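In: What follows is a predicted structure for the sequence shown.
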Amino acid sequence: MHCRDRRGLISRPTVAETIDYRRNIDRAMLNLFSEAEGDGNLLELLEPLVLLGLNHEQQHQELLLTDLKHLFAQNPLFPVYHEAQRREEAETSPAEWIDFEEGVFWVGCEDDKFFYDNERPCHRIFLNRFSLASRLVTNGEYREFIESGGYDRPEFWLALGWNTVCEEKWRAPLYWENRNGEWFHFTLTGLKKVDDNEPVCHVSFFEADAFARWAGARLPTEEEWEVAAKTVKPEDGNFVEERSWHPRAVSPAVGKSTLQQMFGDLWEWTGSSYRPYPGYRPPVGALGEYNGKFMCNQMVLRGGSCATSRTHIRSTYRNFFQPEKRWQFSGIRLARDLR
C-alpha cells in the first residue's frame, strides 16, 4: 500500500487517457442501468451502491485538491494551480465564547437522506455545559504560539505528539516557511505571505491539541461540535464551489456573538477518537470495510473545508485522520468547560 499523504508523488496517466477511462466507465454504467430497468430486484440492489459511489467520488474530488497541493508544494518553483480571486480585506475581531446548556441530545443521522454507515445508529448522549469559540483560530493567534516557544515546550504536548515534533522537527504548520523573519505559506494559488486574519491551516491533531492547552482551552468533542452545528445552516460556508481554494477570514459583516465558519473553510479537529457509535454494525461484505476497519488510532474532524463540496457535508458527517496528519485542510476551534 502506498502512503496516503504521498499519493501526489505517483505518476499519473495523461489527460487523454484519463478522459478515455472515464468514458469507458460511463458507458459501462449506462449499459448496467439499461439492463436494470426491467429488473426491480437489480434496481433495488444498485441504488444504494450507486449513491454511495457518487458520494465517494466527491471525496475523491476533494482529495485531488489536497494531493495536488501536496505535490506542488514539493516543487521549489511553487507552481500555481489556480489564480487567486480578489478578496476583501478583513480584520478579524477577537473570538467570543458561545455557551451551550447541559442536557440530553440526539447524535447521529436520523433522517432518510444519504448518510455513511459511521453516522448511525442515532443515539442519545448527555453533555455538560460547554462553550465553543465563535470562529476558527487565526494565523496570527497561532503565530503567537510559535513565537512563545510552543514547539519547544513539551508541557503543552501529548507524549506521542512531542515525540512527533522532535522526530519530524516541526517548527510551524505544514507549508509554512520563514523568510528573513516573515512567514509565508504555499497555497493552491501560489506562495503567499501569511495573513494573520485567516484561519490557521494544515495543522495536525497534535498541534491543535497543544495550541488549545497553551491557550487555556481544549478541543471540542465531536458530540459537542455536532450539537452546536445543528444551530447553523450547513450550506453557509466557504466550500469548493466558491473556488477560493483557501480558508477565508471571518467577514466583518457577520455578528461576533454567533458561530462562524462551522461549515466549510477547514475541517475542525475534535478531541474524540474515531470509534463506532453504540450499536454500530458494519455492513456485510466489501462495504463493511468502507469505514469500520479504520476505527482505530484516528481522530474525528468535522465541518468540511474549502475543498469540500457544499452538497457533500452535513452536521452528522464524521471525517477521520491519524493525529499526525497535516496535509488535509484542517484547522482549530477551541472549546472550554462551563461550571
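Out: On my side now, so go ahead.
In: neighbours around the residue nearest to Gly304 when sequence neighbours are not counted, how many?
Out: Among residues not flanking Gly304 along the chain, Ile313 sits closest, at 3.8 Å (C-beta to C-beta, 6 or more residues apart in numbering). The way it works is simple: take the backbone N, C-alpha and C, and place the C-beta from them, glycine included. Ile313: 23 surrounding residues under other C-beta atoms under 10 Å.
In: List the contacts of Arg314.
Out: By C-beta atoms under 8 Å, 6 or more residues apart in numbering, the contact set of Arg314 is Cys109, Lys113, Phe115, Pro234.
In: And it, how close does it get to Lys233?
Out: Taking C-beta to C-beta, to the nearest Å as the measure, Arg314 and Lys233 are separated by 11 Å.
In: related to what we said a few turns ago, ok, of the contacts of Arg314, which one's closest to Arg86?
Out: Set against Arg86, the nearest of those by C-beta to C-beta is Pro234 (26.7 Å).
In: residues contacting the closest one?
Out: Pro234 neighbours (C-beta under 8 Å, 6+ apart): Phe263, Arg310, Ile313, Arg314, Ser315.
In: any idea how far Gln74 is from the nearest residue to the first one once chain neighbours are set aside?
Out: Just to be clear, that refers to Phe263. Spatial nearest neighbour of Phe263, chain neighbours left out: Gly237 (3.7 Å); criterion: C-beta to C-beta, 6+ apart. Distance, Gly237 to Gln74, by C-beta to C-beta: 30 Å.
In: Settle it for me: which of these two has more neighbours?
Out: Gly237 (23 against 10).
In: That one against Met262, yeah?
Out: Yes - assessed by C-beta atoms under 8 Å, Gly237 is found in contact with Met262 at 7.3 Å.
In: how about the strands in this structure?
Out: For the chain, strands defined by DSSP state E occupy the ranges 97-100, 103-107, 123-127, 130-133, 176-179, 182-187, 190-193, 267-273, 299-302, 319-321, 330-331, 335-337.
In: what's the most buried one of these?
Out: strand 330-331 (a mean of 27; mean count of other C-beta atoms under 10 Å).
In: thinking again about what came up before, need the strands of the chain in a markdown table (columns: distance to Ala36 and mean pLDDT).
Out: Output for the strands of the chain, formatted as a markdown table (distance: least, C-beta to C-beta, whole Å; pLDDT from 0 to 100):
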| stretch | distance to Ala36 | mean pLDDT |
| --- | --- | --- |
| strand 97-100 | 47 | 96 |
| strand 103-107 | 36 | 97 |
| strand 123-127 | 35 | 97 |
| strand 130-133 | 46 | 98 |
| strand 176-179 | 51 | 96 |
| strand 182-187 | 44 | 97 |
| strand 190-193 | 47 | 95 |
| strand 267-273 | 36 | 98 |
| strand 299-302 | 36 | 98 |
| strand 319-321 | 32 | 97 |
| strand 330-331 | 40 | 98 |
| strand 335-337 | 48 | 98 |
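In: Of the ones you listed, which is nearest Pro199?
Out: strand 330-331 (4.9 Å).
In: Which residue is the nearest non-sequential neighbour of the most centrally placed residue in the chain?
Out: Geometric centre of the chain, nearest residue: Trp267, 2.5 Å, by C-alpha atoms, centre = their mean. Nearest residue to Trp267, sequence neighbours excluded (C-beta to C-beta, 6+ apart): Leu301, at 4.0 Å.
In: Residues in a beta bridge with that neighbour, which ones?
Out: When bridges are called by DSSP bridges, Leu301 pairs up with Trp269, Asn319.
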